[in-house]
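Undergrad: sharing a model prediction with you, sequence too.
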Amino acid sequence: MVQTPHQIPNKQVHCAVVTISDTRSAETDSSGQLLKQLLGNSGHSVELYTIIKDEPDQIRHQLAQLAQDPGLETVIFNGGTGIAPRDVTYEAIEGMLEKQLPGFGELFRFLSYQEIGSRAIASRAVAGVYRGKLVFSLPGSTNAVKLATEKLILPELVHLVQQLR
């Protein structure tokens with residue numbers, strides 16, 4: 001398990017992984033599968049995995065439903081954070097967050113810049129809190145999911161969830 005001094009080892013966080021895509025299936029969703037693998041390998045539990053369309057109402061509805069599940073602590077979305085016409089995840093989620101973690105998006109874009117250069121400015125990754133749940137919204141590329149999960153989410157996941165209690 002990736003740890004920081006703030007974490008308690010062996011604390012399992014109960015997560016949902018939601019891929020936003022008009023074209024991916026469970027078989028072709030390498031980013032969602034990678035998220036599930038990285039979380040599981042770090043001792044966390046993926047309670048739900050689903051793929052939904054790039055539709056703001058569906059995204060908002062999914063988050064609202066997941067927020068009602070008392071067993072879930074974290075929801076991680078991937079996909080739809082760019083600026084293409086069908087990229088609507090940011091608009092759907094950002095307005096629902098009760099508290100934002102601006103440092104997540106800032107650090108993600110900084111780390112992305114180190115890997116892909118100025119194209120990182122097109123990322124609208126965001127994180128925050130909605131109804132007591134920690135929420136992350138990541139780009140859909142496998143490299144972006146790997147970067148965000150390994151460098152930002154896993155090192156702080158337990159600590160952030162504990163802060164919500």
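TA: Alright, I've got the coordinates. Numbering: from 1, shown residues only.
Undergrad: helix, strand or coil for Leu147?
TA: Under the three-state scheme (DSSP: H, G, I helix; E, B strand; the rest coil), the conformation of Leu147 reads as helix.
Undergrad: got the contact list for it?
TA: Applying Cβ atoms under 8 Å, 6 or more residues apart in numbering to Leu147 gives the contacts Phe108, Leu111, Ser112, Glu115. Every residue, glycine included, has its C-beta placed from N, CA and C.
Undergrad: roughly how far is the one helix or strand the last one maps to from the heart of the chain?
TA: Spelled out, that is Glu115. Counting by DSSP states H and E, the secondary-structure element that holds Glu115 is helix 102-116. Centre-to-centre, helix 102-116 and its host chain are 14 Å apart (Cα atoms, centre = their mean, to the nearest Å).
Undergrad: report the buried residues of it.
TA: Within helix 102-116, the residues scored as buried using 16 or more other Cβ atoms under 10 Å are Phe104, Gly105, Leu107, Phe108, Arg109, Leu111, Ser112.
Undergrad: any idea where the helices of the chain begin and end?
TA: 30-41, 56-67, 89-94, 102-116, 142-148, 154-163 (DSSP state H).
Undergrad: JSON lines for the ones you listed, including distance to Val135 and mean pLDDT?
TA: Putting those into JSON lines (distance: least, Cβ to Cβ, whole Å; pLDDT from 0 to 100) gives the following:
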{"stretch": "helix 30-41", "distance to Val135": "14", "mean pLDDT": "98"}
{"stretch": "helix 56-67", "distance to Val135": "7", "mean pLDDT": "98"}
{"stretch": "helix 89-94", "distance to Val135": "7", "mean pLDDT": "96"}
{"stretch": "helix 102-116", "distance to Val135": "10", "mean pLDDT": "97"}
{"stretch": "helix 142-148", "distance to Val135": "13", "mean pLDDT": "97"}
{"stretch": "helix 154-163", "distance to Val135": "11", "mean pLDDT": "97"}
